[in-house]
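Asker: Quick one, fold the following:
(chains A, B and C)
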Amino acid sequence: MTMAKTQTDSEHEWTPRIVAYCCNWCSYAGADLAGTSRIQYPPNARIVRVNCTGRISPEFILAALDMGADGVLVSGCHPGDCHYTSGNLKLRARWAIMEKAIEQAGIDTRRIRLQWASASEGQVFADGVAKLVEQVKELGPIQEEWK
Amino acid sequence: MTEASQKIDTAEKREPRIGVFVCHCGHNIAGVVDVEEVSEKAKSLPGVVFSTHEMFMCADAGQQLIKDKIDELKLNRVVVASCSPRMHEPTFRRVCESAGLNRYLFEQVNLREHVSWCHMRQPEAATEKAWDLVRMAVARARQLDELPIKQVDVTPRTLVVGGGIAGLRAALDIADRGFEAVLVEKEPELGGHVRKWTHLFPADESGAQVISPLIRHVERHKLIDVMTNSKVAEFGGYIGNFDVKIENLKTHKTKTVQVGTVVVATGFRPFEPEGYYAYEQSENIVTLAQLQELPPRAELRRPSDGRIVKKLAFIGCVGSREPGKKGHEHCSRHCCSAVAQASADLKDRVDEVLILYQDIRTYGRGHEELHRLALSKHVIYSKFPREEKPTVHVDDDGNIKVTWTDVLTGDQLEFEPELLVLATAMIPPDDVAETANLFSLTRSGDGFFNPEHIKLAPLTTHTAGVMIAGAAQAAKNASESVIDASGAAAKAVGLMARGKVEIESTVSHVIPELCSACHTCITCCPYGAIAMDEEHDPPVAYVTEAKCHGCGTCAAACPSNAIIMYHSTDNQIMAMIEAYLCPTDMEQQGGN
Amino acid sequence: MSDKKAINSAMVVGGGVAGMQAALDIANQGYKVYLVEKSPTIGGRMAQLDKTFPTLDCSACILTPRLSEVSRHPNIELLAYADLEEVTGTVGDFLVTVIKRSRYVDEEKCAACGDCTEVCPVEVPNEFDRGLGIRKAIYTPFPQATPNIYTIDMENCIRCKRCVSECQRDAIDLEMQDERLEFRVGAIVIATGYEMFDVSRYPRLGYARIPDVIDALEYERLINAAGPTQGHLIRLSDGKIPKSIGFIQCVGARDVAKGVPYCSRVCCMYGIKNAVMAKEHYPDAEVNIYYADIRAFGKGFEEFYEMARTRFGVNFFRGRVAEVTRTQEGRLAVKVEDTLSAKPMEIEHDLVVLSPGIVPPQDLLRLSEKLGVSVRNDGYIDVSHHYFGPVDTRIPGVFVCGCADGPKDIPDSVTAGSAAAMKATIILSHGGQSS
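Answerer: Numbering: from 1, shown residues only, chains lettered A, B, ... in the order given. Now for the predicted structure:
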């Protein structure tokens, strides 16, 4: 495979690239359950496992968008169910600020999605990925927005 | 730990020599993902000195292959692309360690749960995703650091939460084995539901016969500290060294105890079927739990006026097996057999007994016999359609009329029982969310606690050192709860008998030179693990590692980037993002 | 505490999931465990399964780490291919004689390279694949077998000695004798598992007469990637892909006339799981389950049943199957009265899978006699009390877990294994006295 060919391929068939930050205890396990339950969902997301969504700083999301991610998903435990008591609440508090920062950079906030999916909610996780992929497909490649 | 820190230094200086092992998992992965292509491409990634694919990496042959390659090629990082790390990370970490490689230099890629099983009809997209994930993992592996392996002592004492049949059994087994147990029960008396039941279906005994000897033994045992009227108010620490604050609900006095392990046996509550089958409209419509509490008598009398019951009816699956209704989708397991026994017992005292059911689940030892006994006594079983539940009407005189469609004949039938028993669901106790929070337990769709693994680790949880037993885990009967309790006790004793346990080194660390002493981390830490080091000049934040659980919230919050979250550093995470989104030419082309 | 020389060891008989769990939980407390397994490898029935309910986890994936954990444990001595011969003594001090059958392969020397099996000219049906595949006379049952040592099946060996000359480590000795070993142990755990009901005892269902009527364990091997067809689900008669599959439940369970009055507890769920797997292999296939009651009673089971119905599109027919016959076109006609519609029906399938109940192993009675424990009418080991001794036999110091005292699913077997370990270690910790 040559570089040129790869590029033309990607130009012809743009498929959204999604970075998904998942906490280990709820959403990563929920994604596992989606797999064991054979729930089929769009293959666009690449999961990055963190212990807790509280670990996710605004830079993680901005950097992903900056490097060309068409969307970023953050999926954690439901409020009140955090394995670390309240890490997800800290993330939620940061979220509004993050959305502002993204908006100011001229990026549509529909490119980022915060969801709660527990270890027993494989379907919720899968639906969340599908939803974001759909949203991002409507918005088109992120390069257009950075211009 | 001086030796360990030296190791860290040397590891950082070493050039990465990464081995990549892609697992077929039989057809599970290889049936969808082109594992050969992925492993071939991985060969050209920076730092990768070896890459292959193998039928089962977790099997002995696969494990041996990793060890051999670590030896032969002096690998200092290992990436296995197989199933979820929640399944096999401990396995592969152990393999690396047995070959002399620090466990934190291992990285796993989830190609099964997150790729092949959820993109089964898109082999090309799945292979591309697998390749991306392998590339990301290799990038992370290049950034991995060795971390010290820490061992802590296990306090030889177990906290047992809940004084029902499971909690009593667990405490007794632990104490009989020679370890201390602290048994906390919120009610004034031990014994849970079983104590209140004059009929313990599906057994011949009454609840008191079963529970009294247990209570007696527990109360007399010198190694068991019984605390009734009490609840766990605070819970902290980590495996082997938990601090528990127990509050007396009457006096509000608190007591702090240190324990090494915990058995959560908080049980269930019978569902109150409000809105079901005219439950609120008649005193003569009762739950199975209420029937179990009726005083034993020669004849069955109805609650409203004490008249002798001639016609008795049961309806099964009340608040159970309701697809789409959260917390009520599960089968409550014990009711079919309990109803079979109750009906067979009571048939001798009444003229007619009718059981309306969906499926007859008399699965256990001796349960099928109870069902046959009921049939032989002419108890009438009638199956109702799942889409069309029976209806119950109470008229102005208080007469109950049940109307339903009998599946076998297709006929619309009626029955007018003097007493209607609703076999209601087992659901978690009211304070289950509080208990879950306290011990960091997750709950499944049925509302009960999740075990560590539903098949092979049903008694342990994802909170190391905390076990679950009895109906706290799922709906089950008293005999099954007793077995659970002994099993959970074995897990607790295993930890205490060894006396030492390894704990994770994935904690956060403040770099004093970068700390601006803003206190942000101190306020956001859920565990109070960060404080100011006033001795330091100028004062800076520092982390008490034993208290740190490794959530990383502080690292994300720190405005000065002064906090490193070990094994989840900014560099490690950013390397993955970069490898995915901006691969270098070499990375992008893979094998060429 | 009269005996100061307390015996700090226990024996577990049976190396399936229950026995392995019991062994691990005893060994993890620092006691020595002798784990006796009659077949050449531990792992039991679970090793033969393809997927497990209700999570569809692959069986080998979750089992194999358990196998290595047992074989690696410093406190567990694995005695595979061995039988319990004689037991004397009482609680706290049993003397157990074990016959370790000769593998004709030196366990120390064999490196499981497989050179021997390649040159072996004898091919026989592989029991592990329920006879659907073949193995050589020198073999290991499956690739992850533990211990991973070859065994010669002397009944079929023709003594050509090709393996002897091929083995570079001189591990093969055709004159090797059985060993008689004695162990003193303080407690014994029985975990001897189960066998499948012989479905040919229902001639009307066609098994053994019609090649495309198979039992559920054969089905497990057929859909398993490491099985005889590399995971391709095909008809045994003509190798064609079945477009329609019927699963018949309760074959040899809840049937007083056949001597199996009890419910086998696992068949409903493994039947549903097998049906879901059929849909996974062939999403367009028609998949029917014929059942009496669906007993989805464990954690997550009902939810799985619901998922099979609604998401995977498995059809459920309530009714006992009267007969399975072969049509002229080579399809299978299932005669059933659907009690939900009260109509007799005849439905044609390409493949029919019978879901057998489970029965006690044939040699359980002999073993129970050696140990002095009682057996119930149904052939399983009797426990002393539902509530006070659910894993205790009537002989002090002898415990039981897994399917040895009645059918159980995997989590219930594992839990009972842990519970039996707890009881055994209480005995050991008191130097033989039961608390």
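
Asker: Let me see the contact set for the residue lying closest to A:Trp95 once chain neighbours are set aside.
Answerer: The shortest distance from A:Trp95 to any non-neighbouring residue, by C-beta to C-beta, 6 or more residues apart in numbering or on different chains, is to A:Leu114 (5.4 Å). Just so you know, the C-beta spots here come from the backbone N, C-alpha and C atoms, and that holds for glycine as well. By C-beta atoms under 8 Å, 6 or more residues apart in numbering or on different chains, the residues touching A:Leu114 are A:Val74, A:Ser75, A:Gly76, A:Leu91, A:Arg92, A:Trp95.

Asker: Keeping just the C-alphas, turn the helix or strand where C:Thr64 lies into CSV.
Answerer: Assessed by DSSP states H and E, C:Thr64 sits inside helix C:59-72. What follows is helix C:59-72, C-alpha atoms only, in CSV (Å, rounded to 0.1, in the frame of the first residue of the first chain):
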residue,chain,number,x,y,z
SER,C,59,-15.3,-20.9,27.6
ALA,C,60,-11.6,-21.6,26.8
CYS,C,61,-10.8,-18.0,27.3
ILE,C,62,-12.0,-17.8,30.8
LEU,C,63,-11.0,-21.4,31.7
THR,C,64,-7.4,-21.6,30.5
PRO,C,65,-6.0,-19.1,33.0
ARG,C,66,-7.7,-21.1,35.7
LEU,C,67,-5.9,-24.2,34.4
SER,C,68,-2.5,-22.6,34.5
GLU,C,69,-3.2,-21.1,38.0
VAL,C,70,-3.9,-24.6,39.3
SER,C,71,-0.9,-26.1,37.6
ARG,C,72,1.4,-23.3,38.7
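
Asker: which parts of that helix are buried?
Answerer: By 16 or more other C-beta atoms under 10 Å in any protein chain shown, the buried positions in helix C:59-72 come out as C:59-71.

Asker: Stretch B:550-561 too?
Answerer: Across stretch B:550-561, burial judged by 16+ other C-beta under 10 Å covers B:Gly550, B:Cys551, B:Gly552, B:Thr553, B:Cys554, B:Ala555, B:Ala556, B:Ala557, B:Cys558, B:Ser560.

Asker: mind putting the residues you listed in CSV, distance to chain A and secondary structure included?
Answerer: Listed next are those as CSV, based on distance: C-beta to the nearest C-beta, whole Å; DSSP: H, G, I helix; E, B strand; the rest coil:
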residue, distance to chain A, secondary structure
B:Gly550, 5, coil
B:Cys551, 4, coil
B:Gly552, 3, coil
B:Thr553, 3, helix
B:Cys554, 9, helix
B:Ala555, 6, helix
B:Ala556, 4, helix
B:Ala557, 7, helix
B:Cys558, 9, coil
B:Ser560, 12, coil
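
Asker: which pair in those spans the largest distance?
Answerer: Greatest spatial distance in the buried residues of stretch B:550-561: B:Gly550 and B:Ser560, 20.3 Å, computed using C-beta to C-beta.

Asker: Start and end of stretch B:267-276, how far apart?
Answerer: Length of stretch B:267-276, first residue to last, C-alpha to C-alpha, to the nearest Å: 24 Å.

Asker: just stretch B:453-461 next, same as before
Answerer: Length of stretch B:453-461, first residue to last, C-alpha to C-alpha: 8 Å.

Asker: List the buried residues for the helix or strand containing B:Glu36?
Answerer: Element membership of B:Glu36 [criterion: DSSP H and E] is helix B:35-42. Neighbour-count burial for helix B:35-42, counted by 16+ other C-beta under 10 Å, picks out B:Val35, B:Glu37, B:Val38, B:Ser39, B:Glu40, B:Lys41, B:Ala42.

Asker: now the first one: how far from B:Leu375?
Answerer: B:Val35 is 55 Å from B:Leu375, where distance means C-beta to C-beta, to the nearest Å.

Asker: what's downstream of the lowest-mean-pLDDT helix or strand in chain B, the next helix or strand?
Answerer: Within chain B, no helix or strand scores below helix B:2-13, which has a mean of 45 by mean pLDDT, DSSP states H and E. The helix or strand immediately downstream of helix B:2-13 is strand B:18-23, counting by DSSP H and E.

Asker: elements contacting the helix holding C:Thr64?
Answerer: helix B:60-73, helix B:85-98, helix C:17-27, strand C:51-52, strand C:76-80 (3 or more C-beta pairs under 8 Å, 6 or more residues apart in numbering or on different chains; DSSP states H and E).

Asker: One more pass at 7 Å, please.
Answerer: On a contact count with 3 or more C-beta pairs under 7 Å, 6 or more residues apart in numbering or on different chains; DSSP states H and E, helix C:59-72 meets helix B:85-98, helix C:17-27, strand C:76-80.

Asker: And what about the residue nearest to B:Val540 when sequence neighbours are not counted, helix, strand or coil?
Answerer: Nearest non-adjacent residue to B:Val540, counting by C-beta to C-beta, 6+ apart: B:Cys515, 3.9 Å away. Secondary structure, DSSP: H, G, I helix; E, B strand; the rest coil: B:Cys515 is coil.

Asker: which residues of the chain score low on pLDDT?
Answerer: Chain wasn't specified; assuming chain A. Scanning chain A for pLDDT under 70 picks out the ranges A:1-12, A:147.

Asker: Correction: the question concerned chain C.
Answerer: C:1-6, C:432-435.

Asker: what residues does chain A put near chain C?
Answerer: Within chain A, the positions lying close to chain C (C-beta under 7 Å from any C-beta of the partner chain) are A:Thr36, A:Ser37, A:Arg38.

Asker: Can you pick out the ones from the residues you listed that are in helices?
Answerer: Judged by DSSP state H, those include A:Thr36 as members of helices.

Asker: Kindly reformat the residues of chain A next to chain C as TSV containing neighbour count.
Answerer: As requested, the residues of chain A next to chain C are exported to TSV (neighbours: other C-beta atoms under 10 Å in any protein chain shown):
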residue	neighbour count
A:Thr36	23
A:Ser37	23
A:Arg38	18
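
Asker: and which of the residues of chain A next to chain C is nearest to C:Glu369?
Answerer: A:Thr36 (43.4 Å).

Asker: Quick one: residues contacting the closest one.
Answerer: Listed by C-beta atoms under 7 Å, 6 or more residues apart in numbering or on different chains, the contact partners of A:Thr36 are B:Glu113, B:Trp117, C:Thr55, C:Leu56, C:Asp57.

Asker: ok, it to B:Gly26 distance?
Answerer: For A:Thr36 relative to B:Gly26 (C-beta to C-beta), the value is 15 Å.

Asker: that older thread, ok, what's across the strand from the residue nearest to A:Trp95?
Answerer: Bridge pairing for A:Leu114 (DSSP bridges) gives the partners A:Val74.
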